[in-house]
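Peer 1: just to be clear, the model below is a prediction. Sequence and coordinates:
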Amino acid sequence: MTALTTTTSGGVGYRHILTQNAPDSLSPVTDPLDPADLLEIDRLFSPDELALRARVRAFVDERIRPEVEGWFAAARFPTELARAFGELGVLGMHLEGDGCPGGSTVDYGIACMEIEAGDSGLRSFMSVQGSLVMFPIHTYGSREQRQEWLPRLASGEAIGCFALTEPGAGSDPGAMTTSARRDGGDWILDGHKRWNTNGTVSDLAVVWARTDAGIRGFLVPSDAPGVTFLPIDDAWSLRAAARSELLLEGVRLPDGAVLPGATGLSAPLSCLTEARFGIAFGAMGAARDCFETALRHAVTREQFGRPIGSFQLIQAKLASMAVELAKGTLLALRLGRMKDAGAAGPEHVSIGKLANARAALDIAREARAILGGDGITSAYPVMRHMVNLESVLTYEGTQEIHTLIVGEALTGLRAFT
Ligand code: TGC
């Protein structure tokens, strides 16, 4: 016996009443099945984690959903939300001390998932701030650097960006040409960085540059003479984020600007590992929003005199989306538990980033198809998620790079070079 109902999470679902004909070994299920959690993955989260999820989900419902289509259309990052993110406790979430929230890695993942259910660009703001700016200061910074920047970054009073990629050095950051040279006790930085989320609204840039002693990281105030941020206005993706590039022309910095603990390419790559983990969880948030939107449409939209969700081809799409959503959420959670136990290496994170960015984009495309023509409009969030996920698939390591990282882990043989 089946009846359409609304689930506790607000989704649309079918109530399966198994009291009739249920074997004695099965307890009767009288609660509605949640289509967004068919495998009851929620049971794998602690009560505190579920409470955090509810809190961030409510924030997304109240502060992001009502406005996000407008921000996206206007290509505007809502700077005014930065402090609200800070109050929510999601900036530098898994870092401890100096004003950081001190949560677990899984907490950080949950927050990424919920924020990205709102918009990948806003999750990008949060990821860059926490994983790519606060993490290197926390991990490689001096005491003075940590005390100066972390409390302000955690509260959202200050915004940071990360400058690694260059027009000529994307997948191969070791080919960077941005340089830092000594001039007396100072450093002089010259170069051109690209794809710096938050750049145009930032107070601080974590800049990676080539020195005589290898690649080093520098804390560059965004208003330092010689620093210019340019908006990347022609992007059709992540439009609710501040997509930027950065010109560094003879930027003079004191010796105290260098991150003392960061030498070599492994330092910026370790920051990417943090951010890539957030993507593994976050992408499932965007995917869930697409899936729930498509399911709601499928059971209410009628064609040929019946809901389109009653047709086998639509059910096949929905079933495939639900399977991928469940698999991806389990993968992200497993990765988070491994990382919290100190057992996740970069190659594990690559598996999560690769699989979940790809799955989320597939889910978004299927959802768009189920919505038909209306699916390309801003009446639904799906097309926005879909074009955002095109960036998510590419940034922080393309699917090709992550495939080769996994390939190397499997074979011991390196295919990049
Ligand atoms: P390779 O020799 O393999 O490694 C150099 C050193 O780094 C270590 N390492 C890592 N450490 C921590 N986490 C990781 N994920 C690491 N990957 C490598 C490695 O053990 C070695 O350490 P050591 O001590 O032996 O020196 O370096 P490679 O140059 O051969 O490159 C390998 C490759 C291709 C995997 C790496 O370069 C890579 O991951 N490329 C992709 C780069 C990428 O993701 N770029 C996107 C950056 S994100 C961005 O700029 C825009 S999004 C941010 C925003 O929105 O603002």
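Peer 2: Arrived safely, thanks for sending.
Peer 1: C-alpha from now on. contacts and neighbour counts both.
Peer 2: Fine.
Peer 1: and the helices in the stretch 251-400 of the chain, which stretches?
Peer 2: With DSSP state H, counting those that start in this stretch, the ranges of helices along the stretch 251-400 of the chain come out as 266-300, 312-340, 346-370, 382-394, 399-411.
Peer 1: want to throw the ones you listed into CSV with mean neighbour count, distance to the ligand and mean pLDDT?
Peer 2: Shown next, in CSV, are those (neighbours: other CA atoms under 10 Å; distance: least, CA to the nearest ligand atom, whole Å; pLDDT from 0 to 100):
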stretch, mean neighbour count, distance to the ligand, mean pLDDT
helix 266-300, 24, 3, 98
helix 312-340, 19, 13, 98
helix 346-370, 24, 5, 98
helix 382-394, 24, 8, 98
helix 399-411, 17, 6, 98
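Peer 1: let me see the contact set for the residue nearest the centre of the chain.
Peer 2: Central residue of the chain (CA atoms, centre = their mean): I279, 3.8 Å from the mean position. Going by CA atoms under 8 Å, 6 or more residues apart in numbering, I279 touches C112, K353, N356, A357, V392.
Peer 1: repeat for R194
Peer 2: Applying CA under 8 Å, 6+ apart to R194 gives the contacts A163, L164, T165, E166, P167, S244, E245, L246.
Peer 1: before we move on, back to that, any chance of the helices of the stretch 251-400 of the chain in CSV, plus distance to R182?
Peer 2: CSV is the format used below for those (distance: least, CA to CA, whole Å):
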stretch, distance to R182
helix 266-300, 21
helix 312-340, 38
helix 346-370, 33
helix 382-394, 35
helix 399-411, 34
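Peer 1: closest to F77 out of the ones you listed?
Peer 2: helix 382-394 (14.0 Å; CA to CA).
Peer 1: list the helices and strands that closest one packs on?
Peer 2: When contacts are defined as 3 or more CA pairs under 8 Å, 6 or more residues apart in numbering; DSSP states H and E, helix 382-394 sits against helix 120-127, helix 266-300, helix 346-370.
Peer 1: run the angle between the first one and helix 382-394 for me.
Peer 2: Put simply, helix 120-127 runs at 40 degrees to helix 382-394, going by axes from the mean of the first three to the mean of the last three CA atoms, to 10 degrees.
Peer 1: identify the residue nearest the closest residue to the ligand within the stretch 301-417 of the chain in space, chain neighbours excluded?
Peer 2: Nearest residue of the stretch 301-417 of the chain to the ligand: G397, at 3.3 Å (CA to the nearest ligand atom). Nearest non-adjacent residue to G397, counting by CA to CA, 6 or more residues apart in numbering: S171, 6.6 Å away.
Peer 1: doesn't E400 make contact with that neighbour?
Peer 2: No: counting by CA atoms under 8 Å, S171 does not reach E400; the two are 9.4 Å apart.
Peer 1: quick one: low-confidence ranges for the protein?
Peer 2: Counting by pLDDT under 70, the ranges of the chain that qualify are 1-32.
Peer 1: need the residues of it near the ligand, please.
Peer 2: With CA under 6 Å from any ligand atom as the criterion, the chain meets the ligand at residues 128, 162, 164-165, 170-174, 195-197, 265-266, 269-270, 273, 346, 395-397, 405.
Peer 1: can you tell me the SS state at L219?
Peer 2: Here L219 is recorded as strand under DSSP: H, G, I helix; E, B strand; the rest coil.
Peer 1: strands along the stretch 151-300 of the chain, start to end?
Peer 2: Counting by DSSP state E, counting those that start in this stretch, one finds strands in the stretch 151-300 of the chain at the ranges 160-163, 179-183, 186-194, 204-211, 214-221, 227-231, 244-253, 258-263.
Peer 1: looking at those, which is buried most?
Peer 2: strand 160-163 (a mean of 28; mean count of other CA atoms under 10 Å).
Peer 1: other SSEs contacting it?
Peer 2: strand 204-211.
Peer 1: show residues contacting the strand it packs on.
Peer 2: 132-133, 158-164, 176-181, 189, 199, 215-222, 268.
Peer 1: hmm, try it at 6 Å
Peer 2: The contact list for strand 204-211 (CA atoms under 6 Å, 6 or more residues apart in numbering) reads 160-164, 178-180, 215-222.
Peer 1: same question for stretch 56-75.
Peer 2: E114, G118, R239, A240.
Peer 1: who wins for most neighbours among those residues?
Peer 2: Neighbour counts for those (other CA atoms under 10 Å) peak at E114, which has 29 neighbours.
Peer 1: and the helix or strand where D48 lies, what's buried?
Peer 2: Per DSSP states H and E, D48 falls inside helix 47-59. The neighbour-count check on helix 47-59 (16 or more other CA atoms under 10 Å) flags E49, L50, L52, R53, A54, V56, R57, F59 as buried.
Peer 1: nearest to E40, of the residues you listed?
Peer 2: L50 (12.7 Å).
Peer 1: excluding its backbone neighbours, what's nearest the closest one?
Peer 2: D42 (7.7 Å).
Peer 1: now swap in Q315 and tell me
Peer 2: Nearest to Q315 is G309, by CA to CA, 6+ apart, at 6.0 Å.
Peer 1: related to what we said a few turns ago, can you lay out the contacts of I279 as a markdown table showing distance to L122?
Peer 2: Listed next are those as a markdown table, based on distance: CA to CA, whole Å:
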| residue | distance to L122 |
| --- | --- |
| C112 | 9 |
| K353 | 18 |
| N356 | 18 |
| A357 | 16 |
| V392 | 12 |
